[in-house]
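Chemist: just need the structure, nothing else, for what follows:
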Amino acid sequence: MKIAIIGTGYVGLVTGTCFSEMGIDVTCVDVNEEKIKNLKAGVIPIYEPGLEEMVLRNYHAERLKFTTDLTSCLDEVEVVFSAVGTPPDEDGSADLKYVLEVARTIGQNINHYVLVVTKSTVPVGTAQKVKATIQEELNKRNLNIPFDVASNPEFLKEGNAVEDFMKPDRVVVGVESDQAKEVMERLYKPFMMNNYRLIFTDIPSAEMIKYAANSMLATRISFMNDIANLCELVGADVNMVRKGIGSDSRIGSKFLYPGCGYGGSCFPKDVKALIKTAEKNGYEMKVLKAVEDVNEKQKSILFEKLNKIFQGDLKNKKIALWGLAFKPETDDMREATALVLIKHLLESGAEVVAYDPIAIPECKRRIGDCISYTQDMYEAVLDADALLLVTEWKEFRIPSWGVIKKAMKQHIIIDGRNIYDRKEMEKNGFLYKCIG
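Modeler: Next comes the predicted model:
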């Protein structure tokens, strides 16, 4: 079976690589010539555990190919996955220009039946726009070539994407023909050998499922952050509250961890897009607007705690940050809390020193050298007035507090992910603040 993946970003590259791992002949297409050149040379544009090894293995086995020319492979493939970007437009809605450009190219060049699958996160109704665009181009060519469209939203967690794809808890596919269903069943069968988790729906429902899932997870995070902030005011312990409500089988424990705000490429963008979709249809998503508002405020909470400790005077104070990426096991800094925190700290006159195991090059690309970077977590706290934990990388979980105490100028720890024990921190002589 031969397929094409359009777009070699996070979703496209993981999708194409994992399909090739199962023996499928995959051609990954991207308009970025430099990216394709680097991929052919074994240079992977993103950090994702296990991905580089899998890309190299399948590229050398010639099951995984890279090109900038979509037309060169359309005559051979049975399925085309569109995994191009859908960045937020100025009003927060998803920008579909790249999705529709792909549809136009397909309509201008196909000569046999093709199933066109949207993998990008797109608003409800996008598949019909894709279908109309392809048909319009076929009409211009005076051709009556059959084709189908389908929606196959991704549910990949950054830092665990390869595992998620290879062992999915569910695969959602929206189709409108038996032929499209048969093709997608054949494509995903290798991933379903132990447990059949393939869910077929109509196309609008598949498109909505992705947004609804991410919005629900974002809602749980913002709800717990709201609860944590209230716990702090009334003297309750949010960690005990989390355990108490998470043990209820109707609620469960996942995504109930308070912190300093969510970020990344999915939650912020998808919440905004769903709010905008509702507005366009004359409906107001009041809950999601509150979710977004809580999250934006939460990104400033570490700075507020620090500023309160120093009574509003952070000028020339050296502040160490552990973690820059929006979550562990990725170098992604899109909508990262660290960016908001750094902005506040610099505006207050503080000196910022940061360490992250993976994301330092990405941070430099985004903000340059307006802060200092270290290659070691302990070097970052040298002569620091305070340490702020922003991203809960594993290597931060059990540090040598004796070394840290000797290195720091003042012994202040603000834990943005609640990974440390208050009693232990106070026993070690630190002023310790966390979320809730």
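Chemist: separation between residue 169 and residue 157?
Modeler: For residue 169, the distance to residue 157 (C-beta to C-beta, to the nearest Å) stands at 11 Å. The C-beta positions use only the backbone N, C-alpha and C, and glycine is treated the same way.
Chemist: now stretch 274-292: buried residues?
Modeler: Of all the residues in stretch 274-292, those buried under the rule 16 or more other C-beta atoms under 10 Å are 274-277, 285, 288, 291-292.
Chemist: next one: it to chain centre, how far?
Modeler: When distances are taken as C-alpha atoms, centre = their mean, to the nearest Å, stretch 274-292 is centred 21 Å away from the chain's centroid.
Chemist: wait, residue 272 sits on residue 89?
Modeler: No. The criterion here is C-beta atoms under 8 Å, and residue 272 misses it with residue 89 at 9.5 Å.
Chemist: quick one: the strands in this structure?
Modeler: For the chain, applying DSSP state E gives strands covering 2-6, 25-29, 64-67, 79-82, 114-118, 147-151, 171-174, 198-201, 318-322, 351-355, 372-373, 386-389, 412-415, 431-433.
Chemist: describe which strands the first one pairs with in its sheet and in which direction.
Modeler: Strands that pair with strand 2-6, judged by DSSP bridges, come out as strand 25-29 (parallel), strand 79-82 (parallel).
Chemist: swap in the fifth one?
Modeler: As defined by DSSP bridges, the strand partners of strand 114-118 come to strand 79-82 (parallel), strand 147-151 (parallel).
Chemist: with the last one instead?
Modeler: With DSSP bridges as the criterion, the sheet partners recorded for strand 431-433 are strand 412-415 (parallel).
Chemist: now the partner strand: buried residues?
Modeler: In terms of neighbour count (16+ other C-beta under 10 Å), strand 412-415 has its buried residues at 412-415.
Chemist: picking up where we left off before, which one of the buried residues of stretch 274-292 is nearest residue 259?
Modeler: Among the buried residues of stretch 274-292, residue 291 lies closest to residue 259 (C-beta to C-beta), at 14.3 Å.
Chemist: how is the protein partitioned into domains?
Modeler: Residue ranges for each domain of the chain read 2-201, 211-285, 299-433, as given by automatic domain parsing.
Chemist: residue ranges with poor pLDDT in this protein?
Modeler: Applying pLDDT under 70 to the chain picks out residues 90.
Chemist: 80 instead, please
Modeler: 87-94, 193-196 (pLDDT under 80).
Chemist: wait, doesn't residue 428 sit right on residue 401?
Modeler: Yes. If you go by C-beta under 8 Å, residue 428 and residue 401 touch, sitting 4.4 Å apart.
Chemist: residue 272 and residue 89: who's more crowded?
Modeler: residue 272 (19 against 14; other C-beta atoms under 10 Å).
Chemist: against residue 87, how distant is that one?
Modeler: Distance, residue 272 to residue 87, using C-beta to C-beta: 11 Å.
Chemist: equivalent analysis for residue 28, please.
Modeler: Computed as C-beta to C-beta, the residue 28 to residue 87 distance reads 20 Å.
Chemist: neighbour count winner among these two?
Modeler: Comparing residue 28 with residue 87 by neighbour count (other C-beta under 10 Å), the higher total belongs to residue 28, at 29 against 10.
Chemist: which residues touch that one?
Modeler: By C-beta atoms under 8 Å, 6 or more residues apart in numbering, the contact set of residue 28 is 4-5, 8, 12-13, 16, 39, 64-67.
Chemist: switch the cut-off to 10 Å
Modeler: Residue 28 sits next to 3-8, 12-13, 15-17, 19-20, 35-36, 39, 55, 59, 64-67, 73, 81, 83 when contact means C-beta atoms under 10 Å, 6 or more residues apart in numbering.
Chemist: show the buried residues in the residues you listed.
Modeler: The buried subset of the contacts of residue 28 - by 16+ other C-beta under 10 Å - is 3-8, 12-13, 15-17, 19-20, 35-36, 39, 55, 59, 64-67, 73, 81, 83.
Chemist: most remote residue from the middle of the chain, which is it?
Modeler: residue 142 (41.7 Å; C-alpha atoms, centre = their mean).
Chemist: what residues does that residue make contact with?
Modeler: Residue 142 makes contact with no residue, according to C-beta under 10 Å, 6+ apart.
Chemist: how about it, phi and psi?
Modeler: Main-chain dihedrals, residue 142, degrees, to the nearest 10: phi 60, psi 40.
Chemist: and it, how far from residue 71?
Modeler: Going from residue 142 to residue 71 by C-beta to C-beta gives 19 Å.
Chemist: now do residue 226
Modeler: 51 Å.
Chemist: these two: who's more crowded?
Modeler: Remark: of residue 226 and residue 71, residue 226 carries more neighbours, 18 against 13, as counted by other C-beta under 10 Å.
Chemist: excluding covalently adjacent residues, which one is nearest to that one?
Modeler: Nearest residue to residue 226, sequence neighbours excluded (C-beta to C-beta, 6 or more residues apart in numbering): residue 294, at 5.5 Å.
Chemist: report how many residues lie close to that neighbour.
Modeler: As a burial measure, residue 294 scores 19 neighbours (other C-beta under 10 Å).
Chemist: same question, the one 5 residues further on
Modeler: Other residues near residue 299 come to 22 when the count uses other C-beta under 10 Å.
Chemist: for it, give me phi and psi.
Modeler: Dihedral angles (degrees, to the nearest 10) for residue 299: phi -70, psi -20.
Chemist: might you report the residue contacts of it?
Modeler: Residues near residue 299 by C-beta under 10 Å, 6+ apart: 260-263, 335-341, 343-344, 416.
Chemist: go with 8 Å
Modeler: Going by C-beta under 8 Å, 6+ apart, residue 299 touches 260-261, 263, 337, 340-341.
Chemist: need those in CSV with neighbour count, can you?
Modeler: Shown next, in CSV, are the contacts of residue 299 (neighbours: other C-beta atoms under 10 Å):
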residue, neighbour count
260, 30
261, 27
263, 23
337, 29
340, 20
341, 26
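Chemist: farthest pair within those?
Modeler: The most widely separated members of the contacts of residue 299, counting by C-beta to C-beta, are 263 and 341 (11.2 Å).
Chemist: count of residues packed around the nearest residue in space to residue 260 that is not next to it in sequence?
Modeler: In space, and not counting its chain neighbours, residue 260 is closest to residue 416: 3.7 Å by C-beta to C-beta, 6+ apart. For residue 416, the count of nearby residues is 28 (other C-beta under 10 Å).
Chemist: wait, residue 416 sits on residue 396?
Modeler: No. Assessed by C-beta under 8 Å, residue 416 is found out of contact with residue 396, at 10.9 Å.
Chemist: intersection of neighbour lists for those two?
Modeler: With C-beta under 8 Å, 6+ apart as the test, residue 416 and residue 396 both reach residue 389.
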